[in-house]
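In: what follows is a predicted protein model with its sequence.
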Amino acid sequence: MENKTIKGLKRSDWCGNLRITDSGREVTLFGWCQRQRDLGNLIFIDLRDRTGIVQLSFNDATDRTVFAKAQSIRAEYVVAAVGTVCERESKNKEIPTGEIEIIVKELRIISKAQTPPFEIVNSQKVGDETTLKYRYLNLRNQKLTQNIIMRHKITKIARDYFYDNDFIDIETPMLTKSTPEGARDYVVPSRVHNGKFYALPQSPQIYKQLCMIAGFDRYIQFARCFRDEDLRADRQPEFTQIDMEMSFVDTDDIMEIAEGLVQKLMKETINVDVTLPLPRMTFADAMEKYGSDKPDTRFDMLINDITEWAGKTDFPVFKTAIAEGGSVKAVKAENAASVYNRKKIDKLTEYAKGIGAKGLACIRWAEDEPSCSFNKFLKDNELAELCENLGAKKGDCIFIVSGKTSTTLSVLGALRLIIAKELDVIPKNKFNFLWITEMPFFEYDEESGEWLAMHHPFTMPMEECIEYLDTDKGKVRAKAFDLVANGYELSSGSMRITDCELQNKMFELLGMSQEEIDAKFGFLVEAYRYACPPHGGMGIGLDRLTMLICGADSLRDVTAFPKVQNASELMSGAPDYIDDIQLDELGIDIAKAADNE
């Protein structure tokens, strides 16, 4: 029976750290067998740990017992190897350790593995259902391993940065009171207080403001946050927020601290220089030019307002949109005519309809003269005039959406990204950070007919907008700002309301009765009565920031144990039922679905 202990052996080096300069050294390595190649008189094993892989070599000079043991090793066995670092005859330029190999003199099998359900090195080719079920195996994949290590590195750099800038690391409660903050709460029943529930925090917002009232004027926390929302590539139900708050500051001070962090992180992780200060763009300009409050500015293809031109045409679709108070807008896609044939344009049109557009008009300039889907409604030279105004030339396409202005902007903003990806015009390894400022305080919900807070209800409105709180909510802008990069919102921040009367009024404007205010936020309003310093802060999404730096496509690639679309975790089977004894203790009666079998 194989001795599975590692008695007498101690790791001397990590596999991925060895180089040609280590030649002649005797090393002791631990790791997993990524691959074993038996060539008869030669055996090679790729030994892997979290730092990378190195080749173990066995030949005619190897002790026969050791050689036989090497023959028995299979993929994912855990092994220990003692040997000498030597220069390889056949070098591998694809890996950092490709110039050397380990001539093994001692080999131990620490743990045997049954055949894995997929090949670790090619796990990206396997479906999510399998890789997430065996997540602990998938995390052995070098790309995922390095992503998790990068996340660790980002966390360490960020902590050191805030500590060096006199921030105090304060933990806030995970079991909190349920308060309306924009998303559904995850709730936790209390056994001691039967019938009552805690909520898991959507953010530490209220507690960090209370820390400012308490006098801790620079707070930082790597906070776990929970929101019961539908998932997507850049959203998980639980996530980590680099959460900060500062007293006696204004928006520029908060932005400056965040910019310093971004600059330090980008340089020390992937050696990218970020020039400060970061550019700023108002929310209104971002929507007008990019159709998004998190614009990807790595490429142009800006949205153009062609309402004045469209109003002169006889196209009924344009006429109706303008008559109803809407607008007509367009994006010009250079060199798109060769890519967007009729079939692809039809597919793009269906997508546009699916996100709110009534249709998609297109001008395609593939031949000597441009062709137009609504040409019969145009007078002489009107098509040429539009092409000239937009700077279109042979080979280009112009995509046009008409209707309610907010819809035309959001639709073209989404189409702009799709078209850019299909044309492959988005620069790779480029990072465009910018601030979006002067955010609207309220947003109108057409379904409910109510004005809702675009951020949270503790955000300070701009002083010059306070007069519109009762008369025109659409004119109220907030002292709020978002940090955006490459089309992702990395952070949201604001100055906070510190006047208890104004805070109470904001709750009322959001449709809360005084009774509700007292019940849900009474402790915060009460705290303001004991003097509150001017303060503000922001939360930076650690998961999204890591995804950006790693060049990953999904938060799953930078999260150790992620959830899937329906917020379940395939590996452990969470969420799951609990037994009746636990339910009884909590005073909960579950209405179970009838068995239809």
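Out: Thanks, I have the structure now.
In: so where's the chain uncertain?
Out: 1-7, 181-182, 232-234, 592-597 (pLDDT under 70).
In: quick one: the strands in the stretch 51-200 of the chain?
Out: Ranges of strands within the stretch 51-200 of the chain are 52-58, 78-87, 100-111, 168-169, 187-189, 197-199, based on DSSP state E, counting those that start in this stretch.
In: just put those strands in JSON lines and tack on mean neighbour count.
Out: All C-beta atoms are positioned from the backbone trio N, CA, C, and that covers glycine. As requested, these are exported to JSON lines (neighbours: other Cβ atoms under 10 Å):
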{"stretch": "strand 52-58", "mean neighbour count": "23"}
{"stretch": "strand 78-87", "mean neighbour count": "19"}
{"stretch": "strand 100-111", "mean neighbour count": "19"}
{"stretch": "strand 168-169", "mean neighbour count": "12"}
{"stretch": "strand 187-189", "mean neighbour count": "15"}
{"stretch": "strand 197-199", "mean neighbour count": "17"}
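In: and Glu308, which of those is closest to it?
Out: Closest to Glu308 of those is strand 197-199 (Cβ to Cβ; 51.0 Å).
In: following the helix or strand containing Lys332 in sequence, what is the next regular element?
Out: Assessed by DSSP states H and E, Lys332 sits inside strand 327-333. As assigned by DSSP H and E, the chain's next helix or strand after strand 327-333 is helix 342-354.
In: hmm, back to that, possible to save the strands of the stretch 51-200 of the chain as TSV with distance to Pro461?
Out: As requested, these are exported to TSV (distance: least, Cβ to Cβ, whole Å):
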stretch	distance to Pro461
strand 52-58	53
strand 78-87	60
strand 100-111	61
strand 168-169	29
strand 187-189	31
strand 197-199	27
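In: of all those strands, which one is nearest Gln503?
Out: Of all the strands of the stretch 51-200 of the chain, it is strand 197-199 that lies closest to Gln503, at 20.5 Å by Cβ to Cβ.
In: which residues sit against that closest one?
Out: Applying Cβ atoms under 8 Å, 6 or more residues apart in numbering, the external contacts of strand 197-199 come out as Leu175, Thr176, Lys177, Ser178, Thr179, Asp185, Tyr186, Val187, Val188, Pro189, Ser190.
In: surely Glu26 touches Ile102?
Out: No - applying Cβ atoms under 8 Å as the test, Glu26 and Ile102 come out as separate, 9.5 Å apart.
In: Ile418 reaches Tyr351, doesn't it?
Out: Yes - counting by Cβ under 8 Å, Ile418 touches Tyr351, with 7.1 Å between them.
In: so Ser554 versus Ala330, what's the distance?
Out: Note on Ser554: its distance to Ala330, by Cβ to Cβ, to the nearest Å, is 32 Å.
In: what about the two, which has more around it?
Out: Neighbours around Ser554 and Ala330, counted as other Cβ atoms under 10 Å, are more numerous at Ala330. The numbers are 25 against 15.
In: partners of the closest residue to that one other than its chain neighbours in the sheet?
Out: Distances taken as Cβ to Cβ, 6 or more residues apart in numbering place Ile400 nearest to Ala330, at 4.4 Å, with adjacent residues excluded. Judged by DSSP bridges, the bridge partners of Ile400 are Ala330, Ala361.
In: which residues does Ile400 contact?
Out: By Cβ under 8 Å, 6+ apart, the neighbours of Ile400 are Ile306, Ala310, Val328, Lys329, Ala330, Leu360, Ala361, Cys362, Ile363.
In: of those residues, closest to Val425?
Out: Closest approach between the contacts of Ile400 and Val425, by Cβ to Cβ: Ala330, at 17.3 Å.
In: quick one, what contacts that closest one?
Out: Shown in contact with Ala330 (Cβ under 8 Å, 6+ apart): Ile303, Asn304, Ile306, Leu390, Ile398, Phe399, Ile400, Val401, Leu412.
In: go again using 7 Å as the cut-off
Out: Residues in contact with Ala330 (Cβ atoms under 7 Å, 6 or more residues apart in numbering) are Asn304, Ile306, Leu390, Ile398, Phe399, Ile400.
In: so which of those residues would you say is closest to Val317?
Out: Checking the contacts of Ala330 against Val317 with Cβ to Cβ, the nearest one is Ile400 at 9.4 Å.
In: now do the closest one against Lys393, distance only.
Out: Computed as Cβ to Cβ, the Ile400 to Lys393 distance reads 17 Å.
In: so where do the strands sit in the stretch 451-597 of the chain?
Out: Counting by DSSP E, counting those that start in this stretch, one finds strands in the stretch 451-597 of the chain at the ranges 480-485, 488-495, 535-541.
In: show me what the last one is in contact with.
Out: Pointing back at strand 535-541 there. Residues contacting strand 535-541 (Cβ under 7 Å, 6+ apart): 203, 208-209, 212, 239, 241-247, 249, 251, 254, 258, 483, 490-496, 498.
In: do the same with stretch 542-560
Out: The contact list for stretch 542-560, computed with Cβ under 7 Å, 6+ apart, reads 139, 144, 147-148, 150-151, 154-155, 222, 233-236, 239-242, 269-270, 485-486, 488, 490, 562.
In: for the stretch 251-400 of the chain, which segments count as strands?
Out: Per DSSP E, counting those that start in this stretch, the stretch 251-400 of the chain carries strands over the ranges 280-282, 303-305, 327-333, 361-364, 371-372, 397-403.
In: what lines up beside the second one in the sheet?
Out: Looking back up the chat, that one is strand 303-305. In the sheet, strand 303-305 lines up with strand 327-333 (antiparallel) (DSSP bridges).
In: what residues sit buried inside the partner strand?
Out: Within strand 327-333, the residues scored as buried using 16 or more other Cβ atoms under 10 Å are Ser327, Val328, Lys329, Ala330, Val331, Lys332, Ala333.
In: relative to strand 397-403, how tilted is it?
Out: Computed with axes from the mean of the first three to the mean of the last three Cα atoms, to 10 degrees, the direction of strand 327-333 lies at 160 degrees from that of strand 397-403.
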